[in-house]
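*Asks:* Just to be clear, the model below is a prediction. Sequence and coordinates:
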Amino acid sequence: MTYLVTGATGNAGRQVVEHLLRKGQRVRALTRHPEKADFPDEVEVVAGDLMDPSTLDFRGITGIHLLTIGGDDYATLNTGPDIVALAEKQGVRKIVTLWNGQPGPVETAVEAGSLEWTHIEPTDFMSNSLHWAQTIRTTGKVEEPFADSLNAAVHPADVGAVAATVLVEDGHAGKRYSITGPEPLTPRHKLDLISDAIGKPLEFVELTEAQARRNWQKAGHADEMIEILVAWQSNPPPAAYTVTTTVEDITGQKPRSFRQWAEENADKFR
């Protein structure tokens, strides 16, 4: 059996590839940037773009780890119906989506189709804090909005472990899994943990919402993604900060902490 991982060079995708390999599975890594793949030799790397289904080939694939966003602006992937139709035609059995909890074209098509499906929803990735790295290295401070907004961010490796397990094992069809880390933290607290990891005092500067919107626009985020970020951070729903037991229930391992993630990535902030 061979499993296809979309977005394979991303933070989550790389971890799904790694955990599938640990389970002894054959892996095909789909990416728009095969030159960035840098995977072990046993991984089959293929070029393809989820926004252009004509570039996709699912022949010989048992299960797919499927993103629900596409492109550099993280916009909703509108080609879901075409992707699901191709997967059904070419003999795929299972699709596991990585989604943000907002029903979209991919989720709707997957649920309406004939394939086994599972949705996994990470509340937030610890690795999203890497976008602080450059300013921490150069100025020793972070400028962000909503400094006291809580979320229970999850380590990308835990997302990869859950996704790989759900792909390989039976018993997860039709399930929706919220994935969190072991504790809810604010951006201020995350910065304190990074400060501890690098042994250097760091300053948090809170931005207004208007300033944050301008920064996200400059970063190339789609308007719909900016609205999701504002809504999620300014008034997070209980799901954002309520810790779940999904990681341990599915993988048998306790979720990794933000302190552990910060220590693992300390060199990126120095």
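*Replies:* Received it, and whenever you're ready, just let me know what you need.

*Asks:* which residues of the stretch 151-270 of the chain fall in strands?
*Replies:* Secondary structure of the stretch 151-270 of the chain (DSSP state E, counting those that start in this stretch): strands located at 175-179, 203-207.

*Asks:* Including mean pLDDT, mean neighbour count and distance to Ala85, could the ones you listed go into CSV?
*Replies:* C-beta coordinates here come from the backbone N, C-alpha and C atoms, glycine included. As requested, these are arranged in CSV below (pLDDT from 0 to 100; neighbours: other CB atoms under 10 Å; distance: least, CB to CB, whole Å):
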stretch, mean pLDDT, mean neighbour count, distance to Ala85
strand 175-179, 96, 18, 22
strand 203-207, 95, 14, 43
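
*Asks:* tell me the contacts of the closest residue to Ser234 other than its chain neighbours?
*Replies:* In this structure, Ser234 finds its nearest non-sequential neighbour in Phe146, 5.5 Å apart by CB to CB, 6 or more residues apart in numbering. Counting by CB atoms under 8 Å, 6 or more residues apart in numbering, Phe146 touches Pro187, Glu206, Glu209, Ala212, Gln233, Ser234.

*Asks:* ok, and the closest non-adjacent residue to Gln25?
*Replies:* Using CB to CB, 6+ apart, the nearest residue to Gln25 is Tyr3, at 5.6 Å.

*Asks:* Give me the buried positions along the helix or strand hosting the one you found.
*Replies:* Following DSSP states H and E, one finds Tyr3 within strand 2-5. Burial within strand 2-5, assessed by neighbour count using 16 or more other CB atoms under 10 Å, is assigned to Tyr3, Leu4, Val5.

*Asks:* Surely the second one touches Leu67?
*Replies:* The one in question is Leu4. No. Taking CB atoms under 8 Å as the definition, Leu4 is not a contact partner of Leu67, at 11.5 Å.

*Asks:* Tell me the predicted confidence for the residue nearest to Ser234.
*Replies:* On pLDDT, Phe146 comes in at 94.

*Asks:* Please apply the same query to Gly71.
*Replies:* pLDDT for Gly71: 68.

*Asks:* Where do the helices of the stretch 51-200 of the chain begin and end?
*Replies:* 80-89, 105-112, 133-139, 156-168, 187-198 (DSSP state H, counting those that start in this stretch).

*Asks:* Now render the ones you listed as CSV, adding distance to Thr245, mean pLDDT and mean neighbour count.
*Replies:* Below are the helices of the stretch 51-200 of the chain laid out as CSV (distance: least, CB to CB, whole Å; pLDDT from 0 to 100; neighbours: other CB atoms under 10 Å):
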stretch, distance to Thr245, mean pLDDT, mean neighbour count
helix 80-89, 30, 96, 19
helix 105-112, 23, 94, 19
helix 133-139, 31, 96, 14
helix 156-168, 12, 97, 25
helix 187-198, 22, 98, 19
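
*Asks:* Outside of stretch 203-223 itself, list whatever touches it.
*Replies:* Here stretch 203-223 makes contact (CB under 8 Å, 6+ apart) with 72-75, 140-147, 187-188, 191, 225-226, 229-230, 234.

*Asks:* Now it - C-alpha only, CSV.
*Replies:* Taking Å, rounded to 0.1, in the frame of the first residue of the first chain, the C-alpha atoms of stretch 203-223 are listed here in CSV:
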residue,chain,number,x,y,z
GLU,A,203,9.8,41.9,24.8
PHE,A,204,6.2,41.5,23.7
VAL,A,205,4.6,44.6,22.0
GLU,A,206,0.9,44.3,21.5
LEU,A,207,-0.5,45.6,18.1
THR,A,208,-3.9,46.9,17.4
GLU,A,209,-6.2,44.9,15.2
ALA,A,210,-5.8,47.4,12.4
GLN,A,211,-2.0,47.1,12.5
ALA,A,212,-2.3,43.3,12.5
ARG,A,213,-4.6,43.3,9.5
ARG,A,214,-2.1,45.4,7.5
ASN,A,215,0.7,43.1,8.5
TRP,A,216,-1.2,40.0,7.4
GLN,A,217,-2.1,41.7,4.1
LYS,A,218,1.6,42.5,3.5
ALA,A,219,2.4,38.8,4.2
GLY,A,220,0.1,37.8,1.4
HIS,A,221,-2.8,36.2,3.3
ALA,A,222,-6.1,36.0,1.6
ASP,A,223,-8.9,38.2,2.9
